[in-house]
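Trainee: coordinates only, no sequence provided:
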């Protein structure tokens, strides 16, 4: 496998700025937003600048962001808070705006940005060579509420809430329900639209549900699903996030879209001390990127969805008047960056059967016209498009980043750990424990309109412990490789998967499940705990050997 390096280039004779010079005083509890705005504006004028943020707590306050937070938690948006914010023209506030920055380093070891209200905390757009080191992101009032379950019945349960730490409740309480098992020290799933009310003592929330959780466990109300990211990386290249900590976010932690070469070293998306919750949804999520995405020594836990999901989109197709032009749209899928997705001139895009996802024909992009106002993408192809668009999708083959996930840890979170829908991937030296879903899922998901199938995957020297016990578990409780969401038996679209030298303490029927794959090697893994070590079907060129004493099943 060949991996591209992500190098951040610093300009010579760079200027150094200190946030204190712009009036920010750490640990005083006073709003520092104007100091950050002024300092970043100076850095934008000076490519190659370094901004120093000395250790301490810095408050960021904005009236509109505080209004969003209060209305969401107090129930004024109802249960569908996500529906209010998570749309292309939804309202939001940016805290640290790094739009069009070129060659900047932010040195912030020991510094914490305390967000008062809901923000896109760091927005890196149309930028290149950006390094951020050491900054911690958290909220004065978290976008979730945690409370101990003090009573549980078949029709409702009560959670006790510290309303000093978790204010803003009225008689209405809202939020997606998750739980934390205090005995097993892991999260588990609840529900979404249960009725909730604040009782007359003003400290107890009653949730009407038949889940009947255990008294003494912790109930988590996540007051929004998808929202703006903690760190957005869009249309940018050569980005380094080092020693960044994200303790809370009303949406995802890090979102990358149409960007190139993203490196995360010791990125931590984990609960703050005393909490069991971090981000409300994915820790990280990358769409339509290229170059290399690197996770090195990262830590994940407590988030309400996957640790990472790396993919591009199956576009819907509409014909234009000229026979070599088509209109492409993302439909029935979440645009996590809330931005248009489109190819570049010179990209290779594939026409695929929308029933099987099998490739039919390839095109080269010769022109792209985009309109954000009309939310429209018109693409000129190198040859005529004569197919019935209702039978097909298009997908970009050029935007498939290589990925390395190295020496990282995952502990207690909802759904899958690593969702991979790209090529040239190495997952090595990691420890994944108590991921409620499968630790690794490989391959396209038609239901989410997310692809591509995978090629050249190496999974080696990892520890996987007790994954796949609940929400997000696939046919393989530890590793699952297949083409999901189809009504027909898929072709062997995944290629060249090697799983070797891993220690797997598995749950469920099968530890490893592989389907729709050509060229599989599963060797020298220590697998225990599940009914079967490996199940393979609808695949070819299979080597499965020396994986312990559990049975192996290979089907046609």
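Mentor: Yep, that arrived. Worth saying up front: this structure is predicted, and the values here are computed from it rather than measured.
Trainee: how many residues are close by the nearest residue to residue 537 once chain neighbours are set aside?
Mentor: Using Cβ to Cβ, 6 or more residues apart in numbering and skipping residues adjacent in sequence, the residue nearest residue 537 is residue 555, 3.8 Å away. (Each C-beta comes from the backbone N, C-alpha and C, glycine too.) Using other Cβ atoms under 10 Å, residue 555 is surrounded by 9 other residues.
Trainee: and residue 555, what is it in contact with?
Mentor: 535-538 (Cβ atoms under 8 Å, 6 or more residues apart in numbering).
Trainee: can you do 10 Å?
Mentor: 515, 535-539 (Cβ atoms under 10 Å, 6 or more residues apart in numbering).
Trainee: measure it to residue 509 for me?
Mentor: Separation of residue 555 from residue 509 (Cβ to Cβ, to the nearest Å): 14 Å.
Trainee: next, show the common contact partners of these two.
Mentor: What both residue 555 and residue 509 touch, as defined by Cβ under 10 Å, 6+ apart, is the set residue 535.
Trainee: confidence score at the residue nearest to residue 537?
Mentor: Residue 555 is assigned 92 on the pLDDT scale.
Trainee: what stretches of the stretch 101-250 of the chain score poorly on pLDDT?
Mentor: By pLDDT under 70, the stretch 101-250 of the chain has no low-scoring segment.
Trainee: now the element after the longest helix belonging to the chain, going C-ward?
Mentor: Identified as the longest helix of the chain according to DSSP state H is helix 33-45. Later in the chain than helix 33-45, the nearest helix or strand by DSSP states H and E is strand 50-52.
Trainee: mind listing what that next one pairs with, with the direction of each?
Mentor: strand 16-18 (parallel), strand 102-107 (parallel) (DSSP bridges).
Trainee: which of the ones you listed sits most buried?
Mentor: strand 102-107 (a mean of 21; mean count of other Cβ atoms under 10 Å).
Trainee: got a list of contacts for that strand?
Mentor: Taking Cβ under 10 Å, 6+ apart as the rule, strand 102-107 contacts 8-11, 14, 16-19, 39-40, 43-44, 46-54, 96, 98, 122, 124, 126-135, 238, 240.
Trainee: again, 7 Å this time
Mentor: 9-11, 43, 47-53, 98, 127-135 (Cβ atoms under 7 Å, 6 or more residues apart in numbering).
Trainee: and stretch 91-98, by the same measure?
Mentor: 36, 40, 60, 62, 64-65, 85, 104, 115, 119-124, 127, 130, 228.
Trainee: please identify the buried residues of that stretch?
Mentor: 92-98 (16 or more other Cβ atoms under 10 Å).
Trainee: and the end-to-end length of that stretch?
Mentor: 19 Å (Cα to Cα, to the nearest Å).
Trainee: just stretch 318-330 next, same as before
Mentor: 11 Å.
Trainee: for that stretch, the distance to its chain's centre please.
Mentor: 31 Å (Cα atoms, centre = their mean, to the nearest Å).
Trainee: average model confidence for it?
Mentor: 97.
Trainee: still on that earlier bit, got the buried residues of stretch 91-98 as TSV, with distance to residue 213 columns?
Mentor: Putting the buried residues of stretch 91-98 into TSV (distance: Cβ to Cβ, whole Å) gives the following:
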residue	distance to residue 213
92	33
93	35
94	38
95	35
96	38
97	41
98	42
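Trainee: so where's the stretch 401-550 of the chain shaky on pLDDT?
Mentor: Residues of the stretch 401-550 of the chain that meet the cut-off, pLDDT under 70, do not exist.
Trainee: my guess is residue 363 contacts residue 384, does it?
Mentor: No. Applying Cβ atoms under 7 Å, one finds residue 363 not in contact with residue 384, separated by 9.9 Å.
Trainee: show me the strands in the stretch 1-150 of the chain, by range?
Mentor: Using DSSP state E, counting those that start in this stretch, the strands assigned to the stretch 1-150 of the chain run over residues 16-18, 50-52, 56-61, 94-97, 102-107, 111-116, 120-125, 128-133, 136-139, 144-152.
Trainee: partner strands of the fourth one, with direction?
Mentor: This points to strand 94-97. By DSSP bridges, strand 94-97 pairs with strand 120-125 (parallel).
Trainee: could you do the longest one as well?
Mentor: Strand 144-152 has its sheet partners listed here by DSSP bridges as strand 156-160 (antiparallel), strand 218-222 (antiparallel).
Trainee: distance between it and the chain's centre?
Mentor: 26 Å.
Trainee: what do you get for the second one?
Mentor: Using Cα atoms, centre = their mean, the distance from the centre of strand 50-52 to the centre of the chain it belongs to is 28 Å.
Trainee: can we start the residue count at 42 from this point?
Mentor: In the new numbering, first residue 42, that becomes strand 91-93.
Trainee: returning to that earlier point: for the strands paired with strand 185-193, give me a markdown table that also has distance to residue 572.
Mentor: Compiled in a markdown table, those are given as follows (distance: least, Cβ to Cβ, whole Å):
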| stretch | distance to residue 572 |
| --- | --- |
| strand 197-201 | 33 |
| strand 259-263 | 31 |
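Trainee: any idea which strand is longest in the protein?
Mentor: strand 400-412 (DSSP state E).
Trainee: buried sites along the helix or strand following that strand?
Mentor: Helices and strands here follow DSSP H and E; after strand 400-412, the next one along the chain is strand 417-422. Neighbour counts using 16+ other Cβ under 10 Å place 418-422 of strand 417-422 among the buried residues.
Trainee: same check, this time on stretch 571-591
Mentor: Within stretch 571-591, judged by 16+ other Cβ under 10 Å, the buried ones are 571, 573-580, 583, 585, 588-589, 591.
Trainee: just stretch 239-259 next, same as before
Mentor: For stretch 239-259, using 16+ other Cβ under 10 Å, the buried residues are 239, 244-248, 250, 252, 254, 258-259.
Trainee: kindly report the same for stretch 425-433.
Mentor: So, applying 16+ other Cβ under 10 Å, buried residues of stretch 425-433: 426, 430, 433.
Trainee: could you dump those residues into TSV with pLDDT added?
Mentor: Formatted as TSV, the buried residues of stretch 425-433 follow (pLDDT from 0 to 100):
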residue	pLDDT
426	96
430	96
433	98
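Trainee: from these, which is closest to residue 369?
Mentor: residue 430 (10.0 Å; Cβ to Cβ).
Trainee: for that closest one, which non-adjacent residue is spatially closest?
Mentor: Residue 430 sits nearest to residue 358 (Cβ to Cβ, 6+ apart), 3.8 Å away.
Trainee: check which helix or strand the one you found maps to.
Mentor: strand 357-360.
Trainee: contacting residues around that strand?
Mentor: 367-370, 372, 426, 430, 433-435.
Trainee: contacts for stretch 366-386 next, please.
Mentor: 129, 267, 273, 275, 293, 296, 298, 326, 328-329, 354, 356-361, 390, 406-409, 411, 413, 416-422, 426, 435, 437, 489-491.
Trainee: try 6 Å this time
Mentor: 129, 275, 296, 298, 326, 329, 354, 356-359, 361, 390, 406, 409, 411, 418-421, 426, 435, 437, 489-490 (Cβ atoms under 6 Å, 6 or more residues apart in numbering).
Trainee: buried ones only from those residues, please, as a ChimeraX command.
Mentor: In ChimeraX, a selection of the buried entries from these looks like this (16+ other Cβ under 10 Å):
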select :275,296,298,326,329,354,356,357,358,390,406,409,418,419,420,421,426,435,437,489,490
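Trainee: helices or strands up against whichever helix or strand residue 248 is part of?
Mentor: Per DSSP H and E, residue 248 falls inside strand 245-249. When contacts are defined as 3 or more Cβ pairs under 6 Å, 6 or more residues apart in numbering; DSSP states H and E, strand 245-249 packs onto strand 197-201, strand 236-239.
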